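> Coordinates for the following, if possible.
(3 chains)
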Amino acid sequence: MRFVLRRAGFFLLTLWSAMTLNFVIPRLMPGDPAEAIFARYKGRVSPTVVKALEAQFGIHNNKNIVLQYFDYLANTLRGRFGISTYYFPNPVSKEIATALPWTVMLVGITTLLAFLLGTLIGTVSAWRRGGALDSILPPVFVVTSAIPYFWVAMVFVLVFAVSLSWFPTAFGYTPGITIEPSMHFFLNAIDHAILPAVTILITSIGGWILTMRNNMITTLAEDYVRMGRAKGLTSRRVMFDYAARNAILPNLTGFAMSMGFVISGAILVEYVFSYPGIGFMLLQAVSGEDFPLMQALFLLITVAVLVAVLLADIVTALLDPRTRQNA
Amino acid sequence: MALLEVDDLSVSYATSSGEVVAVDHVDLHVEPNEFVGVVGESGCGKSTLLFGIAQLLSSPARITGGSVRFKGRDLVSLSSRELRAQRWRDFSVVMQSAMNALNPVKSIGAQFIDAVKAHEQMPKARIRERSAEMLRLVGIDPVHLKSYPHQLSGGMRQRAMIAMALLFTPDLVIMDEPTSALDVVAQRSLMAQISELQDALGFAVVFVTHDMSLVSHYSDRLVVMYAGQTVEVGDTRDVFDSPQHPYSQGLLDAFPSIRGPKTTLTGIPGAPPDLALPPPGCRFAPRCPMVMDKCHTIEPELYRAGSALARCLLYDGEAK
Amino acid sequence: MSIVTSQVDAGTAAAGLTTRRRGLGFIRILLSNGKATVGAVLLLIFCFVAAFPGVFTDDDPRADAYDRSMGLSSHHLLGTTAYGQDLWAQVIYGTRQSLVIAAVAGALATAISVIVGVAAGYLAGVADNVLSLLIDVFLVIPTFPLIIVIAAYKKSSLTVLIAVLVLTGWSYGARQMRVQTMSLRNRDFLQAARARGERRLYVIVVEVLPTMTSLIVAQFLGAALYSVLAAAGLQFIGLGDPNALSWGTILYFAENNEALQTNQYAWAVAPGVCIALLGAAFALLNYAFDEVSNPALRPVRRRGRRGVAGS
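Below is the predicted model of the structure:
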């Protein structure tokens, strides 16, 4: 129980930090971005919207900054993120809702796949040590995991989309076709998702393979693995039930920890492919100086990472009885 | 035919500076129900010998020669399936530190189940019964089948390992320093337990340790190892009371007697040789208080020395 | 995009680190481990190029003096950009900034991670709780979006870029340092120092840190790698200083001029290759140091083939 409480505390603290950062950063920067937006809004909106924005950015607000802060917190927690300036007059939440599914589909699925596949390959490759494969693979993957995601994306676009024309060069679907839950649209979407997905898969899987392999190698030297063999269990059983089950534990924590990298990679890949996910939207928001949208996206991403961390913690607690003890 | 016949066994490690021979042409015979103690200092090869016998070596170690006959069949030549079938039913292993030897993420009961299911189709309930029975035998409350290794004390863990090793009442149990991680009181208690179990169930024990005085209370025979070779083999009483090999003498001189007269404790000066470059001739020669000139050139065999066998040129001239 | 290769149990790692490794040990490591050698050679080449760009090219990288978008030729090894600049010169001169960013951001991030991590691990108690929480929060907050948000409000200069990289890159290393320090805290040699009455700071600096040198070096390499890739990413999307000459900014211009779609392959590919090579150099060295901290990871020799160099 204490364990759960501590994690919940951490969760809340991080969330609070993210919200505070969102509040503090625009107010710390030189110049007044709030004024800039405001100037852009004037003349285009109704007075109520103006008031709402003022409240959000604390412009012309005689309220004490501490009170402004609490207003901001209250608004955010209630999901009132304001109106997007770039996609005016749509509210921020609506915009995010259109982009979110694309990212979840692309990034969520490929990352999970990369993790699972990578872990599996790492396990097997550690088991078969000493072979030619084992000498070649690690250095290869070490190198591939140092290659920037976006550059790989660019190369893929170059080779497969521009030169060979096997796949479309950009976007989530062919511009102009109707967005509807039909097979036609679905297939079109998948066609557009393949290159970005492969990019993410290829660049991220190396890291998982290497981590799992290294963890496995350390684990395989443990006495309990030898005991497993001594008891007459099959190699497969020993590999998975004794070695991998222990080796994967640090990996799970690592999965959560590396969400940051996953996200940065995803943002860049979406950018190169103009894929309509939240990463792309974030960059659009930045170049369009759409601060409400930017802040909301930042918060959303933070929450997503926290959820991933929490999930990883839960899975670890399920798999490792010792963590349940060390509350 | 002895239960276990190890003949001329050699085990080497492949290292970056060449092959290191950790076990050098070792013979070891064990009769049914016998308790054989294998003693020696760290690095003498006794654990490697044990793993070599149990076919549990992992690269870069491997068997380079000799045979290990268990009930007449050479374990080295068995296929992995045949070997697996024999494991645990006919011979089992108890390791040094149960904290490291028990899978930390599985409950004790689950690990027992693993061992049984690898060899027999037994309904879970029956397995649980049997496991509980074995735990009771070693003095552990069967409720601990649900416990995880980190929840038990060191002594309990070790006894749980022994219980697990006896699940199929094998004919031979190989133990690698099972008492080294325990305090003195727990050590004695464990040894007594092992001895009781041996009487009750009937199995042979090969017990590896550096603590000669501990094992000699319970062993029938002693094998002393040095630098990868056996240097003295004989009945415990003979080896303990009148050691023939200068190394065994040195070892026993290093142990104080609690009841006897006060004597000066002497260690054995020097250090064991680097097994990558063993010295020519007798390996103990550089440290031996009774060294002769020929010890540096001739490699001694095991010669008969009284009622024991000793690898020392002091006794050559007598046929083995 | 990350090197997350070593989450080795610190206990095991610590076991291999009880002997102190000094300077000569590093040289030995570099020479004996194939990966390290390749990585070190690459790094040296880049350092040389950064220090003496004039050796490799005569052209001024900023001068739009040439015909635009020319292909590869003996005058222009990589052709020219759409602005008429010599691409080879750009790539050569761009090396300096990329390397500086990697080294400075890497070093600063490592320094902070060592200070915070070791303090947290050694001091324990309340200090540890507070510091760990700090580390965890920084670790979890998504760094790239944060960088983007910051950069959006303030157009970035090199200093801001480095500051942001340091702020977002130190937490990973701090965690490792903390775990390592905790496992060392109760070792005998530290107990002995405390028994002698040494002050805590002394114990930390003189006794603890030297045992962690390989880990610290590995952290630095990891942080440098992160900085190279993150900086490139930021510059690529336009958040760097467009007037700076760096590989990431070259790619930014390439993308903006639709280099890929208009057959100006070299423009899009060459800077990326350089980033990848520099990243690979750090990654290889990092991996080699992982192998040093954990001997079990070293390549296993096949039977019967003696003297094969570890790869």
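> Quick check, central residue of the chain?
Answering for chain A, as no chain was given. residue A:263 (3.5 Å; C-alpha atoms, centre = their mean).
> other chain: chain C
Note: chain C centre (C-alpha atoms, centre = their mean) maps to residue C:224, 1.5 Å.
> I'd assumed residue C:102 was in contact with that residue.
Yes. Contact criterion C-beta atoms under 8 Å: residue C:224 and residue C:102 qualify, at 4.4 Å. From N, CA and C alone the C-beta is placed, and that goes for glycine too.
> Can you work out which residues contact both of these two?
Residues touching both residue C:224 and residue C:102 (C-beta atoms under 8 Å, 6 or more residues apart in numbering or on different chains): residue C:282.
> Leaving out the residues flanking it, which one is nearest to the residue of the stretch 1-150 of chain A found nearest chain C?
Closest residue of the stretch 1-150 of chain A to chain C, C-beta to the nearest C-beta: residue A:146 (3.3 Å). For residue A:146, ignoring the flanking residues on the chain, the nearest one in space by C-beta to C-beta, 6 or more residues apart in numbering or on different chains is residue C:279 at 3.3 Å.
> element containing the residue of the stretch 1-150 of chain A closest to chain C?
In this assignment (DSSP states H and E), residue A:146 forms part of neither any helix nor any strand.
> hang on, isn't it packed against residue C:276?
Yes. The criterion here is C-beta under 8 Å, and residue A:146 meets it with residue C:276 at 6.4 Å.
> These two: who's more crowded?
Neighbours were counted for residue A:146 and for residue C:276 using other C-beta atoms under 10 Å in any protein chain shown; residue A:146 has more, 29 against 22.
> re earlier: which residues does the residue of the stretch 1-150 of chain A closest to chain C contact?
C:3, C:225, C:229, C:276, C:279, C:280, C:282, C:283.
> Filter those residues down to the buried ones and hand me the ChimeraX line.
To isolate the buried members of those in ChimeraX, using 16 or more other C-beta atoms under 10 Å in any protein chain shown:
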select /C:3,225,229,276,279,280,282,283
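> and which of the contacts of residue A:146 is nearest residue C:187?
residue C:3 (28.2 Å; C-beta to C-beta).
> quick one: residue A:148 from residue A:138, how far?
Remark: distance between residue A:148 and residue A:138 (C-beta to C-beta, to the nearest Å) = 20 Å.
> quick revisit: let me see the contact set for the residue nearest to the centre of chain C.
Residue C:224 neighbours (C-beta under 8 Å, 6+ apart): C:102, C:103, C:105, C:106, C:282.
> looking at this, residue B:27 is in a strand?
Yes. Assessed by DSSP: H, G, I helix; E, B strand; the rest coil, residue B:27 belongs to a strand.
> what's the pLDDT at it?
Looking at residue B:27, its pLDDT reads 91.
> any idea of the mean pLDDT in the one helix or strand residue B:84 maps to?
Taking DSSP H and E as the definition, residue B:84 sits inside helix B:80-86. The predicted model assigns helix B:80-86 a mean pLDDT of 87.
> Name the residues of it that are buried.
Of the residues in helix B:80-86, B:83, B:84, B:86 count as buried by neighbour count, 16+ other C-beta under 10 Å.
> next structured bit after that helix?
Immediately after helix B:80-86, counting by DSSP H and E, sits strand B:91-94.
> does stretch A:215-223 come close to chain C?
Yes. Using C-beta under 8 Å from any C-beta of the partner chain, stretch A:215-223 comes into contact with chain C via A:215, A:217, A:218, A:221.
> For chain B, what is the nearest residue in the stretch 51-200 of chain C?
Using C-beta to the nearest C-beta, the closest approach of the stretch 51-200 of chain C to chain B is made by residue C:183 at 15.9 Å.
> Sorry, slip of the keys, the one I care about is the stretch 1-150 of chain C.
Using C-beta to the nearest C-beta, the single residue of the stretch 1-150 of chain C nearest to chain B is residue C:32, 8.9 Å away.
> contacting residues for residue A:115?
Residues near residue A:115 by C-beta under 8 Å, 6+ apart: A:208, A:255.
> and it, backbone torsions?
phi -60, psi -50 (degrees, to the nearest 10).
> follow-up on the earlier one: would you mind measuring from the residue of the stretch 1-150 of chain C closest to chain B to residue C:291?
10 Å.
> tell me the secondary structure for residue B:208?
Under three-state DSSP, the three-state class of residue B:208 is strand.
> what's the nearest residue to residue B:115 if we skip its chain neighbours?
Among residues not flanking residue B:115 along the chain, residue A:231 sits closest, at 4.4 Å (C-beta to C-beta, 6+ apart).
> Going along the chain, name the helices of the stretch 151-300 of chain C.
Counting by DSSP state H, counting those that start in this stretch, residue ranges of the helices within the stretch 151-300 of chain C are C:158-184, C:188-195, C:200-202, C:209-211, C:213-236, C:247-256, C:265-293.
> Looking at those helices, which one is packed in the most?
Mean neighbours per residue, mean count of other C-beta atoms under 10 Å in any protein chain shown, is largest over those for helix C:213-236, with a mean of 26.
> Residue B:119 and residue B:90 touch, don't they?
No. In this structure residue B:119 lies outside contact range of residue B:90 using C-beta under 8 Å: 10.1 Å.
> overlap in contacts of the two?
With C-beta under 8 Å, 6+ apart, residue B:119 and residue B:90 have common neighbours residue B:168.
> how far away is residue A:155 from residue A:309?
32 Å.
> again but with residue B:292, I slipped
Here the distance between residue B:292 and residue A:309 works out to 71 Å (C-beta to C-beta).
> For those two, indicate the residue with more neighbours.
Shown here are residue B:292 and residue A:309; by other C-beta under 10 Å, residue A:309 has more neighbours (22 against 13).
> what about the helices of the stretch 151-300 of chain C, which gets the closest to residue B:184?
Residue B:184 lies closest to helix C:188-195 among the helices of the stretch 151-300 of chain C, at 21.5 Å (C-beta to C-beta).
> which stretch of helix or strand covers the residue lying closest to residue B:131 once chain neighbours are set aside?
Closest residue in space to residue B:131, ignoring its immediate chain neighbours: residue B:112 at 4.1 Å, by C-beta to C-beta, 6+ apart. If you go by DSSP H and E, residue B:112 is part of helix B:108-117.
> That helix - contacts with which helices or strands?
If contacts are counted by 3 or more C-beta pairs under 8 Å, 6 or more residues apart in numbering or on different chains; DSSP states H and E, helix B:108-117 sits against helix B:124-137, helix B:154-165.
> from what I can see residue B:62 touches residue B:10, true?
No. Counting by C-beta under 8 Å, residue B:10 is not a contact partner of residue B:62; they are 9.8 Å apart.
> which residues sit in contact with the spatially closest residue to residue A:242 that is not a sequence neighbour?
Excluding the flanking residues, the one nearest residue A:242 by C-beta to C-beta, 6+ apart is residue A:228, at 4.2 Å. Residues counted as contacts of residue A:228 (C-beta under 8 Å, 6+ apart) are A:237, A:238, A:241, A:242, A:243, B:103, B:114.
> Good, wrapping up.
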